[in-house]
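Asker: Starting from these lines, generate the structure:
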Amino acid sequence: MKDIIISPSILSADFANLEKEICLIKEAGAKWVHVDVMDGHFVPNITIGIPVVKSLRKVTDLILDTHLMIDNPEKYIESFAKAGSDILTFHFEACKDISHAKNIISFIKSFDKKAGISIKPTTKADEIFPILDKVDLVLVMTVEPGFGGQEFMHDCAMKIPIIKNNAPDNLIIQVDGGINNLTSKVCTSLGANSLVAGSYIFSNNDYKKAIQTLS
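Answerer: The predicted structure follows:
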């Protein structure tokens with residue numbers, strides 16, 4: 001099995017000590033950090049924005065894996081790119097149609113950033129087939145986006161092999177939602193090669209052990 005990319009979600013980190021938390025997950029072996037951006041419209045919660053990404057960029061060389069759970073993502077891509085995001089993943093459901101999604105992908109890549117597309121639990125895998133060769137990453141949500149700590153939806157994980165069988169070999173298939181030492185194995189056995197985990201890592205006293213049990 002290829003190395004699995006673990007992207008700890010700072011949504012579950014201690015925000016009063018965010019720089020320290022980032023250093024700790026790096027020491028624990030993480031190469032990416034997942035930044036959940038929510039606007040209170042696309043999802044019923046509000047989290048962090050551009051200033052936090054900019055601050056993180058100053059204190060870490062980890063890959064900033066930015067997940068835009070927002071309406072009108074094209075309005076904010078330039079700002080997030082310039083703030084230091086390395087990967088910008090937006091939601092297919094925030095697009096009017098495939099053409100709109102393709103335009104956003106091109107816009108992300110114009111800043112020399114990697115582009116990702118995410119799908120909610122109710123979106124079928126085949127809806128994004130026309131853009132699988134355009135993106136660097138597909139993020140399969142195995143919970144409803146908006147809040148941490150939800151239970152893993154096993155039926156959503158079945159989208160992983162469907163995407164894998166219709167995508168370029170170098171596509172990163174990432175899974176987010178309810179990831180722990182058991183559900184991670186379900187995802188990787190189906191073909192996922194990147195996992196987002198928040199509460200499972202940050203609620204563990206040993207970040208390194210937690211990350212190792214995922215991969």
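Asker: Roughly how far does H100 sit from P73?
Answerer: Look at H100 and P73: by C-beta to C-beta, to the nearest Å, they are 10 Å apart. C-betas here are computed from N, CA, C, even on glycine.
Asker: ok, those two, which is more surrounded?
Answerer: Legend: neighbour count by other C-beta atoms under 10 Å for H100 and P73, higher for P73 (23 against 13).
Asker: Just to check, that one is in contact with H91?
Answerer: Yes. Taking contacts as C-beta atoms under 8 Å, P73 lies within contact range of H91: 7.4 Å.
Asker: contacting residues around F42?
Answerer: 69-71, 91, 93-94 (C-beta atoms under 8 Å, 6 or more residues apart in numbering).
Asker: Next, the buried residues of stretch 6-21.
Answerer: 6-13, 18, 21 (16 or more other C-beta atoms under 10 Å).
Asker: Check the residues you listed against V35 and report the nearest one.
Answerer: If you rank these by distance to V35 using C-beta to C-beta, I10 comes first, at 6.2 Å.
Asker: Show me where the protein dips below the pLDDT cut-off.
Answerer: Along the chain, segments meeting pLDDT under 70 span 1-2, 147-149.
Asker: how about the strands in it?
Answerer: In the chain, the strands defined using DSSP state E lie at 5-8, 32-38, 63-69, 87-91, 114-119, 137-141, 172-176, 194-197.
Asker: Among these, which comes closest to I131?
Answerer: So among the strands of the chain, strand 114-119 is nearest, using C-beta to C-beta, at 6.2 Å.
Asker: Run me through the strand neighbours of the closest one, direction for each.
Answerer: Taking DSSP bridges as the criterion, strand 114-119 forms sheet pairs with strand 87-91 (parallel), strand 137-141 (parallel).
Asker: What angle do strand 172-176 and the last one make with each other?
Answerer: Using axes from the mean of the first three to the mean of the last three C-alpha atoms, to 10 degrees, the direction of strand 137-141 lies 20 degrees away from that of strand 172-176.
Asker: quick one, strand 137-141 and strand 32-38 angle?
Answerer: Using the same axes, to 10 degrees: strand 137-141 against strand 32-38 is 60 degrees.
Asker: Please list the residues outside strand 137-141 that contact it.
Answerer: Under C-beta under 8 Å, 6+ apart, the answer for strand 137-141 is 67, 87, 89, 114-121, 125, 128, 132, 156-157, 159-160, 163, 167, 171-177, 192, 194, 196.
Asker: Let me have the buried residues of stretch 6-21 in a markdown table, adding distance to K109 as columns.
Answerer: Output for the buried residues of stretch 6-21, formatted as a markdown table (distance: C-beta to C-beta, whole Å):
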| residue | distance to K109 |
| --- | --- |
| I6 | 25 |
| S7 | 20 |
| P8 | 26 |
| S9 | 24 |
| I10 | 25 |
| L11 | 26 |
| S12 | 30 |
| A13 | 29 |
| L18 | 29 |
| E21 | 30 |
